[in-house]
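>>> Return a 3D structure for these sequence lines:
(2 chains)
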Amino acid sequence: MGDVAIETDGLGKRYRLGLYRRGYGTLREAISGAFGRDGEDESDYDGPDFLWALRDLSLTIRSGEVVGLIGHNGAGKSTLLKVLSRITEPSAGFADVTGRVGSLLEVGTGFHPELTGRENVYLNGAILGMRRAEIRARFDEIVEFAEVERFLDTPVKRYSSGMSVRLAFAVAAHLEPEILLVDEVLAVGDASFQRKSLGKLTEVASEGRTVIFVSHNLAIIQALCTRGVLLERGEAVADGPVKVTIDGYLGALERAASDDLLERTDRDRRGYYDTQIKRVEIRNHHGGPPDVIVAGEPATIAVDLTEHLPTLECRITIVDGLGQPVTTFDSEVSAEVDVRDPSLDARIECVIRSLPLMPGRYRIDLLLKAGRQIQDGLQAAGFFEVQPGVVDGRPTPITGSDGDVVLSHLWRLPP
Amino acid sequence: MEAVTQQHATEPHAPPRVETIRLQPTTGFSRVLAPRELWRYRDLAAQIAVRDITVRYRQTLLGAIWAVLQPVGLMVVFSLFFGGLAGVSSNGLPYPLFSLAAVVPWTFFANAQLLGSESLVGNSALVSKIYFPRIFMPAGILVAGFVDLGIAIVILLTVVLIWGFVPSVAILSLPLLIVIAAAAALGTSTALSALNVRYRDVRYVVPFAIQIWLFASPVAYPSSLLEEPWRTLSAINPMVGVVEGFRWATLGTGAAPWDLIGVSAVSACALLIAGLAYFDRVERGFADYI
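Numbers count the residues shown, from 1 in each chain, chains lettered A, B, ... in the order given. The predicted structure is shown next:
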């Protein structure tokens, strides 16, 4: 632990709502806004036209700390990274940043399709804040990491998507800033490249660099970070050892799921909200308590909505305790057994013949569509407990510490 | 303009000094005109300029020949219709030369507007994900335009010599004229690129406005068609001084249009300052609106 790398005091970021829906405003507004006063009244800032994506955030991060930011969609994690990487200006308070900041907010931004791999390495390196001499010194290493030696002089537009993503990550991973901001970059490439990337990040973190890491994958956060900060509606509501913060977050998620879902404010922002998710429940088929399922037995996930709309579709994702998705059911991918039942009205049901999950707690993420448009989405809309049971005639383990799913199988053993 | 001078400044460097930067709400004019900030990102400026140059004619059949074809094509059309059919005066000069000398700086100016005004929106992925001084985007386009301009000037001088004209010492004023054109182009293209971030109307206005601007500038006709004081006043359009200056500098005939050049230089500076000021004022919101 060294000196202070980042110190924020009362940091806030305010967005004006409605601009995107109401169009882009008028030219006269732009000109008067540019040279005169903005015409915004400060007393309105708490009103409905404004959203505080970050609010009164005071954090001190010492150099060498590896901090994971945790929170719902829209809690302000990405906004904080954007402010710290200077992409957008704060609206209140300040942040003192000591040292060079490198950000991996999205790998591959700044790749120009017409340029060759070689040219893009230099361009992207410069975009990420590397000096030309640094890039030259690490060029071979970058190319080797990305495994694209043979295609260096081919325009990137002819690369497979895997190749360009590997090259982009390689450039980014060889940055040597004092402070590294990382947002969901590990979801790139194939499994072996992901492992390699994670290894690289672990290496970076152990070199004493300050890292701020955002991911929905709590397992990766827990593995990589020492400290966890939980953001909720733009405010830091918990800050401490990563394990403690994650447990606190999971607890809060469950409490939110047990409340009325219509009161939730962290809905998918792409939604049109003509219909909303009101309630979700998972039940076994012989009338036991809801949200407790025995492994290997049939179960039904029922989603209640506020309105019936034609062509409703639903995607249900089951996620384990560490934020790792286990499986997805998507009604848009239809099968002959599916039915449209008029008696259901504003209710969608997904029937699972045998739930092959290991014992443990799982959560349900929902995405709702109608007419190919996203209507609503909720992460952690519901939680359920899987109790040990029998799958395909074989008892499941008592605890689920060795994986999430139980597969039907048989053994062939020597006598 | 920073990008022009920094292209070769890539000597190995000492470990970066650790300094503390305070990020806080800013007001007024504080961003573009921060030389230390521009200097810190000089390598990026160079890379963007290099990119804009390399990409310009990649995967085109004719490549850099386009830099020549555009002004020459315009000259041919003007010579046929204005010089030939309409019999527009060319101050006693061969009309093709008269128009080519004007079309060369005009093409530079027009392309800087056309490509520059799209430079931020066309790189929106970059603008919304990475921090860098945004001015590099329109400035990079301008720098890339210098390459085309250089090629076009070489062609212009070749044609002039073949035609039997010998440029006088007036040719030494070319750099000054180019600076005036560049200042005017940067002033308008920065403002337009910034406006384009919030109002995509710009995309439709610019090509149209450039057409009008072309005919409002003495490219196809001599400015001497105007009576004084209108002739001198017309030089408030910076391209008037640039275009008439180019004719005088490359063809080496007639009186030096210093009055026009002077007025245009002042108005180009005013455009540059106004453009940068507007850009500076709205730059902080680019990532939120793009």
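
>>> Show me the helices in chain B, by range?
For chain B, the helices defined by DSSP state H cover B:2-6, B:35-40, B:42-56, B:65-78, B:95-116, B:124-129, B:136-162, B:174-198, B:201-216, B:230-234, B:238-251, B:258-282, B:286-289.

>>> which parts of the stretch 51-200 of chain B sit against chain A?
Neighbours of chain A within the stretch 51-200 of chain B, by CB under 8 Å from any CB of the partner chain: B:51, B:54-55, B:58-59, B:125-126, B:128-132, B:195, B:198-200. Using the backbone N, CA and C atoms, a C-beta is placed for each residue, glycine as well.

>>> quick one: which of these is nearest to A:Gly296?
Each of those was scored against A:Gly296 by CB to CB, and B:Lys129 proved nearest at 46.0 Å.

>>> Among the residues of the stretch 51-200 of chain B next to chain A, name the buried ones.
Buried members of those, counted by 16 or more other CB atoms under 10 Å in any protein chain shown: B:Arg51, B:Thr54, B:Leu126, B:Ser128, B:Lys129, B:Ile130, B:Tyr131, B:Phe132, B:Leu195, B:Arg198, B:Tyr199.

>>> In a markdown table, list the helices of chain B along with distance to A:Val386.
Output for the helices of chain B, formatted as a markdown table (distance: least, CB to CB, whole Å):
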| stretch | distance to A:Val386 |
| --- | --- |
| helix B:2-6 | 60 |
| helix B:35-40 | 54 |
| helix B:42-56 | 52 |
| helix B:65-78 | 66 |
| helix B:95-116 | 59 |
| helix B:124-129 | 40 |
| helix B:136-162 | 53 |
| helix B:174-198 | 50 |
| helix B:201-216 | 55 |
| helix B:230-234 | 82 |
| helix B:238-251 | 74 |
| helix B:258-282 | 54 |
| helix B:286-289 | 44 |
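
>>> Would you convert those into TSV that also reports distance to A:Asp376 and mean pLDDT?
Below are those laid out as TSV (distance: least, CB to CB, whole Å; pLDDT from 0 to 100):
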stretch	distance to A:Asp376	mean pLDDT
helix B:2-6	47	36
helix B:35-40	43	81
helix B:42-56	41	84
helix B:65-78	51	87
helix B:95-116	42	93
helix B:124-129	26	81
helix B:136-162	38	91
helix B:174-198	30	94
helix B:201-216	34	91
helix B:230-234	61	88
helix B:238-251	55	92
helix B:258-282	35	92
helix B:286-289	25	79
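
>>> Tell me which of these is the most buried.
helix B:238-251 (a mean of 27; mean count of other CB atoms under 10 Å in any protein chain shown).

>>> is it true that B:Val88 touches B:Val219?
No - using CB atoms under 8 Å, B:Val88 is not in contact with B:Val219, being 10.9 Å away.

>>> More neighbours: which of these two?
Between B:Val88 and B:Val219, counting by other CB atoms under 10 Å in any protein chain shown, B:Val219 is the more crowded of the two (25 against 17).

>>> separation between that one and chain A?
For B:Val219, the distance to chain A equals 28 Å [CB to the nearest CB, to the nearest Å].

>>> what are the phi and psi values for that residue?
Backbone torsions for B:Val219, taken as degrees, to the nearest 10, come to phi -90, psi -50.

>>> For the nearest residue to it once chain neighbours are set aside, list the residues it contacts.
Spatial nearest neighbour of B:Val219, excluding adjacent residues (CB to CB, 6 or more residues apart in numbering or on different chains): B:Ala102 at 4.3 Å. Counting by CB atoms under 8 Å, 6 or more residues apart in numbering or on different chains, B:Ala102 touches B:Ser217, B:Pro218, B:Val219, B:Ala220, B:Val243, B:Phe246, B:Arg247.

>>> cutoff 10 Å now
B:Ala102 makes contact with B:71, B:74-75, B:78, B:214, B:217-222, B:239, B:242-247, B:250 under the criterion CB atoms under 10 Å, 6 or more residues apart in numbering or on different chains.

>>> Find the nearest non-adjacent residue to the residue in the stretch 51-200 of chain B positioned nearest to chain A, please.
Nearest residue of the stretch 51-200 of chain B to chain A (CB to the nearest CB) works out as B:Tyr131 at 3.7 Å. Nearest residue to B:Tyr131 in three dimensions, chain neighbours excluded: A:Arg86, at 3.7 Å (CB to CB, 6+ apart).

>>> Look at the one you found and report its pLDDT.
A:Arg86 carries a pLDDT value of 86.

>>> Just give me the neighbour total for it.
Residues within reach of A:Arg86, counting by other CB under 10 Å, total 18.

>>> got it, and B:Leu80?
13.

>>> quick one: it from A:His285, how far?
86 Å (CB to CB, to the nearest Å).

>>> Contacts for stretch A:332-347 next, please.
Contacts with stretch A:332-347, where a contact means CB under 10 Å, 6+ apart, come from A:275, A:278-279, A:302-315, A:331, A:348-351, A:353, A:367, A:369, A:372.

>>> Identify the residues contacting B:Ala67.
B:56-57, B:107-108, B:111, B:145, B:147-152, B:154-155.

>>> With B:Ser267 instead?
With contact taken as CB under 10 Å, 6+ apart, B:Ser267 is in contact with B:Ile180, B:Ala183, B:Ala184, B:Gly187, B:Ala235, B:Ile236, B:Asn237, B:Pro238, B:Met239, B:Val240, B:Gly241.

>>> Between the residues of the stretch 51-200 of chain B next to chain A, which sits nearest A:Pro397?
Using CB to CB, these come closest to A:Pro397 at B:Lys129, 44.0 Å.

>>> just checking, the closest one touches B:Ala287?
Yes - using CB atoms under 10 Å, B:Lys129 is in contact with B:Ala287, at 8.4 Å.

>>> who touches both of these two?
Common contact partners of B:Lys129 and B:Ala287 (CB under 10 Å, 6+ apart): A:Lys82, A:Ile87.

>>> in chain A, which spans are helices?
Counting by DSSP H, the helices of chain A are A:27-35, A:77-84, A:117-127, A:132-146, A:161-173, A:191-206, A:218-224, A:242-258.

>>> Does at least one residue of the third one sit close to chain B?
By that I understand helix A:117-127. Yes - contact of helix A:117-127 with chain B (CB under 10 Å from any CB of the partner chain) involves A:Glu119, A:Asn120, A:Tyr122, A:Leu123, A:Asn124, A:Gly125, A:Ala126, A:Ile127.
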